[in-house]
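[1] Here is my input; please provide its structure:
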Amino acid sequence: MYEYSEKDVIKAKSAFFISLDPLKLREVPTKQKKVFVVLNIIIEQIPDREFSEKEINELLESIYPDFVTLRRYLIDYKLMDRTRDGSKYWKNK
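    Numbering: from 1, shown residues only. Here you go, the predicted model:
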């Protein structure tokens, strides 16, 4: 989708995250490339398994209060996928 460097990741971590351990997002960037970098930082922290909607919501809410936006972006940027009814979520490989 977007190409980015390790330098972009370092900048995003300092600009958009309150904490990296545990992962806490300060704000969602407005520029699409930065959103993509932030989402990739987040997706690295998500275990490689299937989640129920409730489980993925709880996990994302622990990172950022507006977990619905994060979930939507992860799907829109094709970093996660879900069943048609939204009952199961998983990371794309």
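[2] next one: stretch 56-69 to chain centre, how far?
    For stretch 56-69, the gap between its own C-alpha mean and the chain's C-alpha mean amounts to 9 Å (CA atoms, centre = their mean, to the nearest Å).
[3] so how far is the first residue of that stretch from its last?
    End-to-end distance of stretch 56-69 (CA to CA, to the nearest Å): 12 Å.
[4] Report the buried residues of that stretch.
    Buried residues in stretch 56-69, defined by neighbour count with 16 or more other CB atoms under 10 Å: Ile56, Asn57, Leu59, Leu60, Ile63, Tyr64, Phe67. From N, CA and C alone the C-beta is placed, and that goes for glycine too.
[5] The residues you listed into CSV, with extra columns for distance to Lys88, secondary structure and pLDDT?
    Below are these laid out as CSV (distance: CB to CB, whole Å; DSSP: H, G, I helix; E, B strand; the rest coil; pLDDT from 0 to 100):
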residue, distance to Lys88, secondary structure, pLDDT
Ile56, 9, helix, 98
Asn57, 13, helix, 98
Leu59, 14, helix, 98
Leu60, 15, helix, 98
Ile63, 20, coil, 98
Tyr64, 21, coil, 98
Phe67, 17, helix, 98
